[in-house]
Each structure stands twice: as structure tokens, then as C-alpha cells.
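**Q** below is the structure, and that's it, no one-letter string:
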């Protein structure tokens, strides 16, 4: 008899408890000694022992233990040896995951024995049954036709779908005609209440905490579409069970059998497997396999109807979802990968190009695009097409920090393998709270350019709505309007052949609203007008930038000029523009001002700010010490008119920091600590810029400079001067070293653009001192200047705000040059005249830290400013460097 056709019962393993005296147990089979045990026995002294052994016959019904080979899994202490299953090699590694269901049934205590399902018999299913092979047409009738139909007994002609009276058409508005779908093939949907049979077993779920993958997900969507009038405007596609041969386009036959086998188990047995299935993020009841077959078969039928022109596009209201199901594993609420199977089905049925649609045109399915906007990565879908160049998989999802499904699969480096390298595009958002602006930015910069270059013949959307606002699992902020606009953009591909299939989404109200917005777009309603979205977040733009760099190796639309590190290294030595500019400044300031480069004793600071800290030789004994923290400057890029490429030969660097150095070093001989901040570069090499990490590094840098240089200096007058990005770093000094600053710091200067000045917390305890000591220079058009009523509160938080003149520009580099007279006047009012005279370089020497520029006469210094421009011709100014300097980058 064929063992596979006869139901087999596997009993549980023999209990380890001692047998009752009335029932003598058979002698246990001794386990073969290991090599270590043999060596110990050989080494031990052997004494003669007389043992009388009772011979106990072994019943013939007990099979011998399986052979344990080197490829078997190690046996745990006390573990019983399981008899192998017919389909499992005794010497092979044991099955894991969902494939181990039969093995678990054999060893669970007091469990229902595992029953193998009967052999599969394909049902007699006619593909496409119940759906017309001809596209629905609109019929226009007159009064004469109505009268003739009444005489023929066809009184319900007027109520027939698609029948419109001629006079009624003339009275309809354009909007009503569009809603009637006149002149267009209608959209379709599929839904079956039978899929609600997949529900958690009562004893496996808390009544007060329902499982997120609940039947109300699809009934909520269907009722929303029904009550909104959208169901009446669409064609309903019948749902059928998927065939085994169709599932095996992606999954193995063993996976089909294991899923189907769950329908043959009792509820009591499945309840004992609760903990096992929860580790796979699944729940199973006897109807789950049936619902999984309906879910997958419904998506396939929808795709067939779209491909053959019976409907224009469609929305599949199905569950359980599928995009986590891998070829050999069910996981993440998913059993069969609906979208992956449908994509392979389209390529298999229509890939040859011999089929015709309802209009007689050839059906071509050479390339299929799968767009997955579920908040979780579609690991099963990508795994199914890892090396397939005919199916492009693009996924937008949350990634990292253990977010499901976890691991590195789904990172931006996961681009496929073999022939499919580059045909997996992952856009992994590393933060929660991504909004419409972030998703639409990724669509415009990555999804749509790559999709147009790929030119698909069909678009499948794995539409999980767990990124919707209100979903507690996804914790994203995408609105229904955002989903509508994404659907609209995808509808421009493949001649509008778009199928949206439901995946995740666990807030019933959120997914119903989101699905309703998508279906409105599919049936042709006008797009909702979205409010001002603002700009995409820094986290989203960084992710998009990194994905563009990764995918530029595979897609021309991502930028031909962006080459990978490997290709560049082969061509020659790589030098970043930032390193070149730092090296230029290092060389230039040493020869002009004798500023010396200082290495950090902190490894993290040296990595982030190497070659960016310069000091004069007199910082420890100067009377006045200037701490100057600033941006590098402003790049003045020139472009070639024909191609808009940057012309590096005509690009210049506007470095207004030289004006401050001339004033401090040449005119007054101050001690100077110059810190050049490249605010837009990452502080960790090889990693993208991170705002929180960069702020933490800036704080560490500011406190390092104070503790290692300023606090050890004998200078009695300290000036803190920040420009651009340096302002927030200087504020860290004030916050955390405020009481020490009050003794020697005479002035705190901040020159900013339109960004908000850094706030001084009330907890610092130095707000009154900072208000009197600070000068915050903002352009006249700054938003803080508009509300004069809150000027007092502004001064408490931000310091003494100075309103620049109307002609001053808003950029910090230009505002610094325009504000230098005001800055000099303010500092002169805070530092005594005798201190400035004592700090000024003498006429007979070059002065401390004055460098090759030479020294200026002390009598020329009045209140911190030169007596006149003519008095500075005494070797104090070289090549007009006291003003803004242009240097070729």
C-alpha cells in the first residue's frame, strides 16, 4: 500500500518516567559511546566485574533507533530519539520553522497525533468563470425601445446595468458622466466574506487585546467602499482558490502540503501549538489554509482580468496577507505570497506574447513591477525574485533597531544577486514618524525614475497600510491623501494596468480610509488637494541620497556621474573636496598668520574634526583670547550653461573669516583659537550625517576647547565669537561652563542667517549675564524681528538680538562682513582700553602670533579699532586681505 495515500499516525516519543512495576519496560537501547568516552575508558584501569544481565526481548513493533551521523543535529541531554518521517533522511539535519509541524506533533505531550492530509486532487475550476470575456459596454435606449421591451415581457430593461436613456444623458453633468464610467473600462475589486474565517482560536488570544490581523480588516474596507458608493461603480471579480501548480511557481510542494495540512488538524491540537506559531508571528485555525488559498486565488483572478482588458485596474480586498511568506517558510501573518505568485503567474501565462485581450491586442508581460509600501520589508517577495531580472521589486519600509522582520535583509545594500542584481531597490527609513512629504519625496526621486526606466508591462502594489497615521505598529504618518497620490503616480505606468493588493495595516479605521482614497484614484476621481507638506525630513533625504548612490551603479536615472568606491579606487586616489579645502586652509593660515594645527587627544574628536582646530602660539599668555568658531565659507559655484555641470575652474570660496583674523591677529595681537566647522559633513567617516550625533560631537568639541585651552590660559579677557554653525557650539560652552565663563568672558558674538538662534536654558543660571554680554546679529528679514511684542522674551532665551540694516544680506558669510563695524564697537565697549593697548603688537616687532603680516603701531589702536585706514598701510594689510577673499577651490 502506498504510504503517502494512507493516513499515517505518528505517536509521541516515549516518556522518560520510570515504568510501573506491573508493566516491565523493555531494556533501553544503549547509546553508542562517543570518541571522548572511549578514550576515557581506555585510559582508566580495568577491574574484573561480574554482572548478571537479564535478557529482555524487544518487541518487534518497536523500530530500531535512527542512525546518527555527523550531519545530524546534536542531541540534547534527556532528548528522546525520534523515529524519522518517510520524507526525511534519518542522517539529515532536522526540519526547522514551519516545516517542523509534523515533528512537533510527534513529541508534544498529550497532543493530538499528526494526521497526514489525503493526496491533493485538483478541483475542477474554470479560470475566469463568472466574468465576461467582453468589456462591459454602455447602452443608450429611447422611448421606442422601452415600449418594445414591455411588449416582449422585458419590463426591467431600464434597470439593466449599463442602460441609460438618451434624454437622461443630456441632463447629466460632466462629473456625473465620469462617475458613470462612460467611454472607459471600469475598475474592479474582489472580496469574499469567507476569508473572515481565518481568525485566532478563542483560547489563543486575549479577549481584551484582539490580534492585529483580524477579520475586520477586510470587512471594514469593503463596508467603507460600499457606503461610499465605489462598489457600485466597479466590477466584482469572483474569488477562487489558488491551485497547487500556481503556488508552486514560487513555493515548494512541501510548503503547499504543510500549509494545507493545518486544515486537517483539530482545534485542540492547534491550540497546543500556540507558542510555536507565535515565534513565527502566525496564528492558525482549521480554516486558515482555505482562506490563504482564497486570498492568493483572488489576486490572480484580478490580475487576469486586468491583463485581458476586462477591467482597467483593480483593488484586491484579501487576507491573510502574503509578502512575508518565503519560498520555504510561512511567517509574519503570511502563508502564501500572493503578489509574488501573481507576478510569476503573469510572466508564465502571458510571457510568450501569444495571448489576446478582449480587444484583440497581444498581451505582453515581459516585465512586472512590484511596489511594496507596507511599513515592513517584503522579505518573502524579494527572496522569490532575488536573481530575477524580469521582475523589479521596490520597497519603502522601516528598517533597523530590530523592526520586523529584522536582520540586514532589506537594507539599501540588498540589491539582488546574479542576474537580478540591481532589480531589488530597498528604501529603508531608519526613523519612525515618516510623513507624506517623506514618502512622496522618495517616490519622486527614486521610485518613479527607476520605474520609468524599467518600463513595466504590469504594476503590482503590495499595499500594506500600516504606515498610515494612527497605526500603532508602524508609527508612521502617511495620510489617505498621500496614498492617493502614490497610487496616481503608479497609474501612469504600464498603460494604467495597476493591481493594488491588500497586505498589512492593523488600524481598521486607518486602513479603511486609506483604501478608500486609493480606490477613488483607481476609478478616476480627482486627486485630493493636499495642504502644504513642507520639506522632507533630514532622515528621509539622507536615506534617499544613500539609495541613489547605491542604485546609481544599476540605473542611469540615479546619476551617471555617481560612481561607487570600488570603481573610483581602481581609477586612482580618492580625495574628498572637504579634505582638499581643509588642507588648503591649514597651509594658508600657517603661512599668513602662523596658526598651528592641533591634534585632539580624543579619538572621536580627531575623527570628526581633524585639521579643523588651529591656534596661535600665544594663547596661554595673551591678555585677550579670541575663540572663533565658524563655517568654512560660501562656495560660489559656476555652471556650464549647456549641461549645468559645475565648472570647478571658475568655482570660488568666499572666506570672510580672514577679516576676523586680520582684526584679531594683525591689528591687536590677540591669542586666537580658530575652529573651522564643516556642518554638512558626517562626523563619522563612511556613515550618513546624523543630526543628534553631530550635535553631541559639537558639544564635546566645545567643552574640550574650554577645558584644554581657555581654562589654562592666563588671558583675563576672553571673546567668544561664533558664525553660522559655530554659534550652537559656542552656546554649549555657555550652557555647561557658564559660571566659569562669567569671570573672564567679556563678549559673546553670534552671527547667523535665517535659522533660529540656539536657546539658552533657564536651568543654566546665567541668562542675565548672557543678556548683557551677548550680541546676536540677525538679518532684518529674520522671523524673530517681526514680533516686537516678544522682544523681551527673545532676549531671555537668545541673548541681546541686534537688528541688522535692511541692506545686509541674510547669509552668515555676507552678514559677518557687513556687521564687523558693529562687532568691533561692541567688543571695545566690553574690554577696557588699557587691555587693548597692552595686547596690541609693538611697531618694532612682529608681535605674538602676528605672523608674516607684521605688527601694527600701538598708538594707532583706539577703542579696539584702527585710527584710520591710512595708518594701516604700515605693513598691516597685504593684497587687501582684510576684506572677503576669493580662493579657487
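**A** Here it is on my side, so go on. Bear in mind the structure is a predicted one, so any value in this text is a computation, not a measurement. Numbers count the residues shown, from 1 in each chain.
**Q** helix or strand: which one has residue 749?
**A** Per DSSP states H and E, residue 749 falls inside strand 745-751.
**Q** the nearest residue to residue 185 once chain neighbours are set aside: neighbouring residues, count only.
**A** Counting by Cβ to Cβ, 6 or more residues apart in numbering, the nearest residue to residue 185 once its immediate chain neighbours are dropped is residue 312, at 4.4 Å. C-beta here means a position set from N, CA and C on the backbone, and glycine is covered the same way. The number of residues packed near residue 312 is 24, by other Cβ atoms under 10 Å.
**Q** what's near enough to touch residue 312?
**A** 184-188, 306, 496, 522 (Cβ atoms under 8 Å, 6 or more residues apart in numbering).
**Q** can you rerun that using 7 Å?
**A** The neighbours of residue 312, taking Cβ atoms under 7 Å, 6 or more residues apart in numbering as the test, are 184-187, 496.
**Q** SS state for it?
**A** Three-state call for residue 312 (DSSP: H, G, I helix; E, B strand; the rest coil): coil.
**Q** on the three-state scheme, residue 652 is what?
**A** strand.
**Q** now do the SS call for residue 427.
**A** strand.
**Q** please name the nearest non-neighbouring residue to it.
**A** Nearest residue to residue 427, sequence neighbours excluded (Cβ to Cβ, 6+ apart): residue 396, at 4.6 Å.
**Q** can you verify that neighbour is assigned to a helix?
**A** No: according to three-state DSSP, residue 396 belongs to no helix; its state is strand.
**Q** neighbours of it, how many?
**A** A count of nearby residues for residue 396, using other Cβ under 10 Å, gives 28.
**Q** quick one: residues contacting it.
**A** Residues in contact with residue 396 (Cβ under 7 Å, 6+ apart) are 373, 427, 439, 442.
**Q** switch the cut-off to 6 Å
**A** Shown in contact with residue 396 (Cβ atoms under 6 Å, 6 or more residues apart in numbering): 373, 427, 442.
**Q** one more: residue 249?
**A** With contact set as Cβ under 6 Å, 6+ apart, residue 249 has these partners: 341, 344.
**Q** go again using 8 Å as the cut-off
**A** By Cβ under 8 Å, 6+ apart, the contact set of residue 249 is 341, 344-345, 348.
**Q** which SS class is it?
**A** Assigned with three-state DSSP, residue 249 falls in the coil class.
**Q** ok, now how distant is it from residue 382?
**A** Using Cβ to Cβ, to the nearest Å, one obtains 16 Å as the distance from residue 249 to residue 382.
**Q** could you pull out the helices for the stretch 551-700 of the chain?
**A** In the stretch 551-700 of the chain, the helices defined using DSSP state H, counting those that start in this stretch lie at 565-571, 577-593, 603-609, 657-661, 691-705.
**Q** adding mean pLDDT and distance to residue 476, write these out as JSON lines.
**A** Listed next are the helices of the stretch 551-700 of the chain as JSON lines, based on pLDDT from 0 to 100; distance: least, Cβ to Cβ, whole Å:
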{"stretch": "helix 565-571", "mean pLDDT": "61", "distance to residue 476": "32"}
{"stretch": "helix 577-593", "mean pLDDT": "86", "distance to residue 476": "34"}
{"stretch": "helix 603-609", "mean pLDDT": "87", "distance to residue 476": "31"}
{"stretch": "helix 657-661", "mean pLDDT": "89", "distance to residue 476": "42"}
{"stretch": "helix 691-705", "mean pLDDT": "84", "distance to residue 476": "19"}
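**Q** which one of those lies nearest to residue 514?
**A** Closest to residue 514 of the helices of the stretch 551-700 of the chain, according to Cβ to Cβ: helix 691-705, at 29.8 Å.
**Q** any idea which helix or strand comes after that closest one?
**A** Next in line after helix 691-705, if elements are assigned by DSSP H and E, sits strand 717-723.
**Q** coming back round to it: out of the contacts of residue 249, which comes closest to residue 238?
**A** residue 345 (16.6 Å).
**Q** report all helices and strands that the helix or strand encompassing residue 299 contacts.
**A** Secondary structure assignment for residue 299, by DSSP H and E: helix 288-307. On a contact count with 3 or more Cβ pairs under 8 Å, 6 or more residues apart in numbering; DSSP states H and E, helix 288-307 meets strand 188-190, helix 244-247, helix 253-261, strand 314-316, helix 338-350, strand 458-463, strand 498-502.
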